[in-house]
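Peer 1: quick one, structure for this:
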Amino acid sequence: MEKSASSNSKLNSSNSTLHALRSTLPLSVYMITFNNARTIEKALQSVAGWVNNVVVVDSHSADGTTEIAQKYTESIYQYDTTDMREKYQYAQDQCTHLWVLFIDADEWLTPQLKGEVEKIISENTDYNGFMVNRRNVYLGREIKYGGWYPDHEIRLYRKDRGSWQGGIHAKVYVDGKVGELKNYYMHTPYTDTAHQIRTIDRYSEAYAQDLYSSGRRFHLINMLMRPIYRFFRDYLFKRGFLDGIPGIIIVASTMYYVFMKQARLWELERKNDNS
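Peer 2: Take a look at the predicted model:
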C-alpha cells in the first residue's frame with residue numbers, strides 16, 4: 001500500500017507540473033459568440049487550464065452565453081457588428097500572446113491536437129501559421145465524405161503575421177510559410193435540420209449581399225446549374241452517399257443554399273433596379 005501511495009503521489013505531482021506548464025503556454029485562444037449557450041461550455045472546457053489567455057468576444061447574447069464564459073475566462077468583450085471579419089479581427093487584437101488559435105463556440109479541441117500545438121509552440125519553427133483539420137459531427141454521425149470532408153483552414157498562427165479578410169465567410173490569411181497539423185478538432189455545425197435551414201437562410205442573404213456589393217450579377221445559368229454541379233461533385237464523386245441519411249440531407253441542403261444565394265442575388269438586383 002505504501003508503494004501504491006508513493007506512486008500516486010508522484011503521479012499527482014507530475015500532473016500538477018504538466019498543468020502548470022500548460023497554463024503558462026504562450027498561446028492565446030479566442031472565439032466570437034452570439035447566443036451560443038448550447039455549445040460554448042464544451043468549447044471552453046477543451047481549452048480550460050491549457051492556456052492562460054482565453055478571449056471571448058460576444059455581441060450581447062441573451063441566452064446565458066456570457067454567464068457560462070465567465071466561469072472560464074475574465075477576458076470577455078462586447079462588440080456589436082454585422083461584419084464577421086471585423087468581429088474576428090477585433091477578437092484577435094485582444095489576444096496577449098504572439099501565437100494565437102481560434103475556435104468557434106460549436107467546436108472543441110482534442111487532446112491529440114493540443115499536444116501537437118504544445119510541441120510547435122515550445123520549439124522554434126519556420127512556419128508563421130498552420131492549417132488544422134476539422135471533423136464534423138452531424139445528426140449523430142461523424143461525416144467522412146462529401147462536401148464537408150476534408151475540411152481544414154488556418155487556425156494556429158502568429159498574431160503579427162495573420163489577419164482576417166473576406167466577407168460573410170471571412171478567413172485568416174498569413175504572411176509567410178503555412179504548414180499543416182496532423183491532428184484535428186471537432187465541430188457540431190447544427191442542432192438539427194431546422195437549425196440548419198435557419199442558418200442557410202441567414203447566410204444566403206448575407207452572401208448575396210456580398211456578391212452584389214462586389215459587383216457580381218445574377219445569371220440564370222448559375223441558379224440552374226450550380227446546385228446540380230454540387231450534387232454530382234459532393235454526393236457522387238466525393239461519395240457523400242456513404243454518410244447515409246445525413247449525407248443525403250447535407251447534399252440536399254447544400255443544393256438549396258447554392259440555389260438561394262442566386263435567388264437572393266436576383267431579388268437584390270430587382271429591388272435596386274426598381275428603386
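Peer 1: tell me how far residue 106 lies from residue 79.
Peer 2: 19 Å (CB to CB, to the nearest Å). All C-beta spots, glycine's among them, are computed from the backbone N, C-alpha and C.
Peer 1: what about those two, which has more around it?
Peer 2: More crowded of residue 106 and residue 79, by other CB atoms under 10 Å: residue 106, with 20 against 14.
Peer 1: contacts only, for the more buried one.
Peer 2: Listed by CB atoms under 8 Å, 6 or more residues apart in numbering, the contact partners of residue 106 are 36, 39, 43, 187-189.
Peer 1: between those, which is closest to residue 75?
Peer 2: Proximity of those to residue 75 (CB to CB) peaks at residue 43, which lies at 14.7 Å.
Peer 1: how about the closest one, what does it touch?
Peer 2: Contacts were defined as CB under 8 Å, 6+ apart; by that measure residue 43 touches 31, 103-108.
Peer 1: buried residues in stretch 70-82, which are they?
Peer 2: Neighbour counts over stretch 70-82 (16 or more other CB atoms under 10 Å) mark 72-73, 75-76 as buried.
Peer 1: which non-adjacent residue is nearest residue 94?
Peer 2: When the adjacent residues along the chain are set aside, residue 94 lies closest to residue 55, with 4.8 Å between them (CB to CB, 6 or more residues apart in numbering).
Peer 1: the one you found sits in which helix or strand?
Peer 2: strand 51-58 (DSSP states H and E).
Peer 1: what's that strand in contact with?
Peer 2: The contact list for strand 51-58, computed with CB under 8 Å, 6+ apart, reads 22-25, 27-34, 44, 47-48, 65-66, 69, 72-73, 75-79, 87, 90-91, 94-97.
Peer 1: in its sheet, what does it sit against?
Peer 2: strand 25-32 (parallel), strand 75-78 (parallel) (DSSP bridges).
Peer 1: for the stretch 151-275 of the chain, what are the low-confidence residue spans?
Peer 2: For the stretch 151-275 of the chain, the stretches with pLDDT under 70 are 275.
Peer 1: so where do the helices sit in it?
Peer 2: Secondary structure of the stretch 151-275 of the chain, counting by DSSP state H, counting those that start in this stretch: helices at 193-213, 220-230, 244-273.
Peer 1: those: which one's closest to residue 134?
Peer 2: Nearest to residue 134, of all these, is helix 244-273, at 14.9 Å by CB to CB.
Peer 1: pick the most buried one from the helices of the stretch 151-275 of the chain.
Peer 2: Of all those, helix 244-273 has the most neighbours on average by mean count of other CB atoms under 10 Å, namely a mean of 17.
Peer 1: angle of that one against helix 193-213?
Peer 2: 40 degrees (axes from the mean of the first three to the mean of the last three CA atoms, to 10 degrees).
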